[in-house]
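Student: sequence first, then the predicted structure:
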Amino acid sequence: MQKGADVLERKCLQAGKVFIKEGEENSRAYMVQVGEVLSFTMEGGRKIEIERLGSGSIIGERHLAVDEPATISYEAIVSTTVVIITRQEFQKLLSKADKTIKTVLDHAIEKVRYYERLSTTRAVKNSQIDDATYALMQGLLTGVPENKKSQYEDAILPHINGMITAIKDIKKSKK
């Protein structure tokens, strides 16, 4: 490392610490060095898991380029060490970059927004799926290539869930 080079701050987050909250302003990104982080959203007072992220994952990267509230919350699942990148540090580096790099970054941020919305929507929909539906779906997807599973799940899961829910309702009404 060069003498006088900028050193990014590291922080240890205790298990259960929410460090980015949905709806709140955020001007930092975090790179997970050690540990595990849960991304989640709140829906009707319920915490809905979106994704688990581990070492090497970067969280909140779009907040380095745009000033808007977080759309997802992040919580340390276990004791987690993160490297903090502030918007100010990032913008200082970006100011030295070529216009092409800035254009690429703008497009990448739009894709990040899209995939955050997609992941959140999918997690909320899946939280409404009955456990028996998941069990049946896993059996149906045996032998299906990994790259096709989500496509089949999206097409079939709501119908299977409706069928299983209807069967359970019929059983309840007969008691």
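Tutor: In hand now; what should we look at? Residues are numbered from 1 along each chain as shown.
Student: domains in the protein, by residue range?
Tutor: 9-127, 132-174 (automatic domain parsing).
Student: let's have those domains in a markdown table, adding mean neighbour count.
Tutor: The way it works is simple: take the backbone N, C-alpha and C, and place the C-beta from them, glycine included. Below are the domains of the chain laid out as a markdown table (neighbours: other CB atoms under 10 Å):
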| stretch | mean neighbour count |
| --- | --- |
| domain 9-127 | 15 |
| domain 132-174 | 12 |
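Student: now those in CSV, with mean pLDDT?
Tutor: Shown next, in CSV, are these (pLDDT from 0 to 100):
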stretch, mean pLDDT
domain 9-127, 93
domain 132-174, 85
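Student: where along the chain do the helices fall?
Tutor: For the chain, applying DSSP state H gives helices covering 87-94, 99-127, 131-140, 146-174.
Student: wait, which of these is closest to Glu51?
Tutor: Relative to Glu51, the nearest member of the helices of the chain by CB to CB is helix 99-127, separated by 6.3 Å.
Student: I'd like to know which elements the closest one is packed against.
Tutor: If you count contacts as 3 or more CB pairs under 8 Å, 6 or more residues apart in numbering; DSSP states H and E, helix 99-127 packs onto strand 37-43, strand 46-53, helix 87-94.
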